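Undergrad: curious how this folds, go ahead:
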Amino acid sequence: MSHDVRILATPLVASGFGLTGLPVTAALDPTDASDICRSWLDDPAAGIVLLEETMHDNLPDEIRKRLGRRPLPLVVPFPGPEPEAAPEHADAYIVELLRQVIGYRVKIR
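TA: Presented below is the predicted three-dimensional model:
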């Protein structure tokens, strides 16, 4: 019997993984993620589950314990994207972009 690789992530991350050709499921909230993981526990074809870390951290203890006691599916949490720190001012952001593109700092008045 062959086993599947499955990915469970937020919609933003799921769209990126969709480009790999692997089956990707997007969960909108922790309850949705819990329900999907619970269904995969009962699916003998589920082999490896790549699970976004924030979703893994929010799984109920009951599901995490069941996942930990079973050899399959093997659940591998992965870190999701981290929000970038927003620049203090739009001008600072534009100045930094220009510095990267043209190679020197400009002054905006």
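Undergrad: list the buried residues for stretch 38-55?
TA: Of the residues in stretch 38-55, 40, 41, 46, 47, 49, 50, 51, 52, 55 count as buried by neighbour count, 16 or more other Cβ atoms under 10 Å. Using the backbone N, CA and C atoms, a C-beta is placed for each residue, glycine as well.
Undergrad: what average pLDDT does it get?
TA: Mean per-residue pLDDT for stretch 38-55: 94.
Undergrad: now it, how far from the chain's geometric center?
TA: Centroid separation between stretch 38-55 and its chain, computed with Cα atoms, centre = their mean, to the nearest Å, is 14 Å.
Undergrad: how about it as PDB, C-alpha atoms only?
TA: C-alpha atoms of stretch 38-55 as PDB (Å, rounded to 0.1, in the frame of the first residue of the first chain):
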ATOM      1  CA  ARG A  38      -9.100  14.100  12.900                       C
ATOM      2  CA  SER A  39     -10.300  12.800   9.500                       C
ATOM      3  CA  TRP A  40      -6.800  12.100   8.400                       C
ATOM      4  CA  LEU A  41      -6.200  10.000  11.500                       C
ATOM      5  CA  ASP A  42      -8.800   7.500  10.300                       C
ATOM      6  CA  ASP A  43      -7.500   7.500   6.700                       C
ATOM      7  CA  PRO A  44      -5.000   4.600   6.100                       C
ATOM      8  CA  ALA A  45      -3.600   6.300   3.000                       C
ATOM      9  CA  ALA A  46      -2.300   9.300   5.000                       C
ATOM     10  CA  GLY A  47       1.400   8.800   5.300                       C
ATOM     11  CA  ILE A  48       3.100  12.200   5.900                       C
ATOM     12  CA  VAL A  49       1.200  15.300   6.900                       C
ATOM     13  CA  LEU A  50       3.000  18.700   6.700                       C
ATOM     14  CA  LEU A  51       1.200  20.900   9.100                       C
ATOM     15  CA  GLU A  52       1.700  24.600   9.500                       C
ATOM     16  CA  GLU A  53       3.200  25.200  13.000                       C
ATOM     17  CA  THR A  54       0.500  27.600  14.200                       C
ATOM     18  CA  MET A  55      -2.100  25.000  13.400                       C
END
